[in-house]
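**Student:** what's the 3D shape of this:
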Amino acid sequence: MNKNEFKDMWVYIEHSGGKAAPVSLELCCETRKLCDAAGEKLCAVVVGGLPQSEIDRILACGADKLIRVRGTGYEFFSVDAYAELFTRLCRKYRPSAVLVGGTIDGRDFAPRFACRLPTGCTSDATQLVYDPKTGDIEFIEPAVGGKMMAVITVPVMRPQVGTIRPGTFKYAPSGARPCELIEETIDFPVEKIRTKVLSFQPDELDESLNIADAEYIVCVGNGLKGADALGRYRELAALLGGKLGCTRPVFDRGVLPYKLVIGQSGVVVKPKVYIAFGVSGAVNHVTGITDSDVIVAVNRDPEAAIFGYCSYGIVGDMDEVCDAMIAQLKGRA
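**Tutor:** Numbers count the residues shown, from 1 in each chain. Predicted coordinates:
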């Protein structure tokens, strides 16, 4: 395969309810940097209709091209339809890379169309680096249970396909530029879709579970004694005007919902202040908080790994320290 025959980096724009998914916009902003380094064009791929206001947000991320696809079979997400669609589009336009948000849907169809092309697909990258010597993208992500960082490349095949977790990159529009609009009409036979949507009801929005943009986060780790001990941490988060989060073991114990998990298997956060109570500091968690402005760690074990990442460390009982913080905040009121 001649890699030079493949040009332009694509970002799949996932959307729902007339809104582009934040991860897609974040990816466009980051991929713009890769395209500048590689001398290639950034192409956004939209399946179905989007309001012009959302198209404008995509263009503001620096897209050079916009492929807009219409046709049957895309009313609701279907791995059958989307995998076939991207297989056909990639064979026609031969992009050098296709980047997809690491959502439930993105993780489902990206490896499927990659396998059909066939090419390689990496998952859950936390960093993207362009290597000018090889022309390859380096997908960097935690591996071996978060104990090391792996650098994965697709050195021979094209396109390079990868999924990137929401919140990994910042949404920082570089500004709109002249953009080529490409209209595609590709129908997928509805009868070939192996699932059937019986009804659809949007999730009820619970803002307390939306922690990705919180400026203050109180995170509880496996040192938490149990659900009965959560009250004080919720109170502290409320006093700070922030939100409660947790590590994966807390979710595994059934104490808090998955949407509050921070780290490799959850959400990436970038708060002004991040207070970790009873968090050990495993790499698979720390990768989700490294962009925090200030990290405060509370742990009774002075050798806990979290102290190697924090701005301020407190060795002590997490409940007692939390109560002391609450008392100080209430005393200032």
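**Student:** Could you use CA atoms for every contact and neighbour count after this?
**Tutor:** Fine.
**Student:** Any stretches of the stretch 201-333 of the chain with poor pLDDT?
**Tutor:** The stretch 201-333 of the chain contains residues with pLDDT under 70 at 203-206, 333.
**Student:** ok, which stretches of it are strands?
**Tutor:** For the stretch 201-333 of the chain, the strands defined by DSSP state E, counting those that start in this stretch cover 216-220, 243-246, 273-277, 294-299, 312-315.
**Student:** residues of the last one that come out buried?
**Tutor:** Read it as strand 312-315. Neighbour-count burial for strand 312-315, counted by 16 or more other C-alpha atoms under 10 Å, picks out Gly313, Ile314.
**Student:** Please parse this structure into its domains.
**Tutor:** Here the domain assignment for the chain is 3-192, 207-332, based on automatic domain parsing.
**Student:** can those domains go into JSON lines with extra columns for distance to Leu198?
**Tutor:** What follows is the domains of the chain, written out as JSON lines (distance: least, C-alpha to C-alpha, whole Å):
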{"stretch": "domain 3-192", "distance to Leu198": "11"}
{"stretch": "domain 207-332", "distance to Leu198": "26"}
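**Student:** Ok, which of these comes nearest Ser199?
**Tutor:** domain 3-192 (10.8 Å; C-alpha to C-alpha).
**Student:** Let's check: the centremost residue of the chain is which one?
**Tutor:** Pro166 (1.4 Å; C-alpha atoms, centre = their mean).
**Student:** and the closest residue to that one other than its chain neighbours, what helix or strand is that in?
**Tutor:** Excluding the flanking residues, the one nearest Pro166 by C-alpha to C-alpha, 6 or more residues apart in numbering is Val23, at 4.8 Å. Here Val23 sits within helix 22-38, counting by DSSP states H and E.
**Student:** Identify all contacting residues around that helix.
**Tutor:** With contact meaning C-alpha atoms under 8 Å, 6 or more residues apart in numbering, helix 22-38 is reached by 8-9, 11-14, 41-42, 44, 57-58, 61-63, 99-101, 128-130, 132, 135, 164-174.
**Student:** What's the first helix or strand after that helix?
**Tutor:** Next helix or strand after helix 22-38 toward the C-terminus (DSSP H and E): strand 42-47.
**Student:** just the angle between whichever helix or strand comes after that following strand and helix 22-38, please?
**Tutor:** Where DSSP H and E defines the elements, the next helix or strand beyond strand 42-47 is helix 52-59. Going by axes from the mean of the first three to the mean of the last three C-alpha atoms, to 10 degrees, helix 52-59 is angled at 40 degrees with respect to helix 22-38.
**Student:** Can you list the helices and strands that helix 52-59 packs against?
**Tutor:** Helices and strands touching helix 52-59, by 3 or more C-alpha pairs under 8 Å, 6 or more residues apart in numbering; DSSP states H and E, are helix 22-38.
**Student:** what is the rounded mean pLDDT of the helix it packs on?
**Tutor:** Average pLDDT, helix 22-38: 96.
**Student:** Now do the buried residues in it.
**Tutor:** Using 16+ other C-alpha under 10 Å as the test for burial, helix 22-38 gives 22-35, 38.
**Student:** Among these, which one lies nearest to Lys3?
**Tutor:** Within the buried residues of helix 22-38, proximity to Lys3 (C-alpha to C-alpha) peaks at Ala38, which comes in at 12.9 Å.
**Student:** all helices of the stretch 1-150 of the chain, in order?
**Tutor:** Using DSSP state H, counting those that start in this stretch, the helices of the stretch 1-150 of the chain run over residues 22-38, 52-59, 79-93, 104-116.
**Student:** neighbouring contacts of the second one?
**Tutor:** Spelled out, that is helix 52-59. Here helix 52-59 makes contact (C-alpha under 8 Å, 6+ apart) with Gly18, Lys19, Ala20, Leu25, Cys28, Ala44, Gly175, Ala176, Arg177, Cys179.
**Student:** Hmm, the second one is touching Leu50, no?
**Tutor:** Yes. Under the contact definition of C-alpha atoms under 8 Å, Lys19 touches Leu50, with a separation of 7.3 Å.
**Student:** Give the full set of residues in contact with Gly288.
**Tutor:** Residues near Gly288 by C-alpha under 8 Å, 6+ apart: Thr168, Ile262, Gly263, Gln264, Gly266, Val267, Val268, Val269.
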